[in-house]
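Trainee: Sequence isn't available, so here's the structure alone:
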């Protein structure tokens, strides 16, 4: 059973926490991770791209020149795809790119990236994160104290406006709750910084 040292906001070590094998010590399935990341990115696509086909381009109703006898190639419309200002072949149209990945695949992918974070020492557990008032300078000091100097995904057990407003302007820092936590964001950030409450919720949800 993997263990991790919990720290406080000053960076001092507290108790050692045991992590569940079923979540933080599984066989990493890279293919499931790939499938879920692909799904997340597809679901984020706006799908608003559009171009006109030859049927939708204005003009081109008259044959530009007669069929035979001119020495030029036969043409039926100046809005054919080979003409400047003509329609687009197989023009893209607005569409919905979203789809659903099986629940078992999503859960295995999440467990895989959480396991990888533990093995790569990219998981930091803090007993609690609180600020009396929103202050970015205090959040920067907190990150330095817990030795987080790269892109960090901060997972809170409960929403705290003072904490979020203190860190939201820091480059590379993103906040999430257990409900909004996803595989793509975990992979995108070097450090997964979670509170003790959030860790307990994660172990309860994915057990």
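Mentor: Looks like it arrived, so ask away. As the structure is a computational prediction, the values presented were derived from the model and not from experiment. Numbering: from 1, shown residues only.

Trainee: so what does the longest helix along the chain touch, helix or strand wise?
Mentor: Ranked by residue count, the top helix of the chain under DSSP state H comes out as helix 103-119. Under the contact criterion of 3 or more Cβ pairs under 8 Å, 6 or more residues apart in numbering; DSSP states H and E, helix 103-119 touches helix 21-24, helix 30-44, helix 183-188. Where C-beta positions appear, they are placed from N, C-alpha and C, glycine not excepted.

Trainee: in this protein, what residue sits furthest out from the centroid?
Mentor: No residue in the chain sits farther from the centre than residue 69, which is 60.9 Å out by Cα atoms, centre = their mean.

Trainee: Tell me the secondary structure at that one.
Mentor: With DSSP: H, G, I helix; E, B strand; the rest coil as the basis, residue 69 sits in coil.

Trainee: What segments of this structure are strands?
Mentor: 3-7, 13-18, 123-126, 152-156, 173-177, 191-195 (DSSP state E).

Trainee: could those be laid out in JSON lines, adding mean pLDDT, distance to residue 201 and mean neighbour count?
Mentor: Formatted as JSON lines, the strands of the chain follow (pLDDT from 0 to 100; distance: least, Cβ to Cβ, whole Å; neighbours: other Cβ atoms under 10 Å):
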{"stretch": "strand 3-7", "mean pLDDT": "90", "distance to residue 201": "15", "mean neighbour count": "14"}
{"stretch": "strand 13-18", "mean pLDDT": "88", "distance to residue 201": "14", "mean neighbour count": "11"}
{"stretch": "strand 123-126", "mean pLDDT": "94", "distance to residue 201": "13", "mean neighbour count": "21"}
{"stretch": "strand 152-156", "mean pLDDT": "94", "distance to residue 201": "9", "mean neighbour count": "23"}
{"stretch": "strand 173-177", "mean pLDDT": "94", "distance to residue 201": "9", "mean neighbour count": "17"}
{"stretch": "strand 191-195", "mean pLDDT": "95", "distance to residue 201": "9", "mean neighbour count": "25"}
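
Trainee: Could you provide these in CSV, with additional columns for distance to residue 162?
Mentor: Listed next are those as CSV, based on distance: least, Cβ to Cβ, whole Å:
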stretch, distance to residue 162
strand 3-7, 20
strand 13-18, 22
strand 123-126, 15
strand 152-156, 11
strand 173-177, 12
strand 191-195, 14
